[in-house]
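Enquirer: I'll drop the sequence and a predicted model, then ask my questions.
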Amino acid sequence: PRSLAGLNRQFMAAESMVAGSTKAVLGEGPLHPAIALVGEQPGDQEDIQGKPFVGPAGQLLDRALQEAGIARADVYVTNAVKHFKFVPRGKKRLHAKPTTAEVKRYRWWLFEELSFVQPKLVVALGATAALALTGKAVAIGKSRGEAQFGNFRGYITVHPSSLLRLPDETARHEA
């Protein structure tokens, strides 16, 4: 492809690389942003709405961006895996973590996407995003901080969904 739009058309025509997904959820935001945020995979709400980071973790991310004085419209947001992998539980669809092999199957798409977006800084939100961007398993606690993702200056930090699992607001704010 010669453009992000061309890459996205090609991606939408491709089959899901994880079982159960209903649609691809593509990245969104401006080209040449200061920051691109890369999460793990779409969740239930992202799959339904077809937009990244619109569920509970996305709402927390929006609040964190706002507190940092960063407009979400100025940031490119995407995921390492573009389809929602889940396990059905009655009427609910529960998140299922993508395997290393699944993450690696999407890796080419992610780097092509970033090459068109051309962010100044790529932020890996969580271990799956860090795996996709580095090509190897990364412990977030030990690796949190500056990183290099191929040609991209990077940063590794926690995924907002991990903060939602912390027991209290004080611990969430500190993390």
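Expert: Nice, I can see it. Numbers count the residues shown, from 1 in each chain.
Enquirer: so where do the strands sit in this protein?
Expert: Using DSSP state E, the strands found in the chain span residues 35-39, 76-79, 86-89, 92-95, 121-125, 145-149, 152-157.
Enquirer: what's the span of stretch 83-92 from first residue to last?
Expert: Taking Cα to Cα, to the nearest Å, the first and last residues of stretch 83-92 lie 17 Å apart.
Enquirer: now residue 22: phi and psi?
Expert: The phi/psi pair for residue 22 (degrees, to the nearest 10) reads phi -90, psi -30.
Enquirer: what's near enough to touch the closest residue to residue 61 other than its chain neighbours?
Expert: Taking Cβ to Cβ, 6 or more residues apart in numbering, and ignoring the residues beside it in sequence, residue 61 has residue 160 as its nearest neighbour in space, at 4.6 Å. (Glycine included, C-beta is placed from N, CA and C.) Neighbour list for residue 160: 39, 53, 57, 58, 60, 61, 64, 125 [criterion: Cβ atoms under 8 Å, 6 or more residues apart in numbering].
Enquirer: quick check: the farthest pair among these?
Expert: 39 and 64 (12.9 Å; Cβ to Cβ).
Enquirer: with neighbour numbers in mind, choose between these two.
Expert: When residue 39 and residue 64 are compared for neighbours, residue 39 comes out ahead with 28 against 14, by other Cβ atoms under 10 Å.
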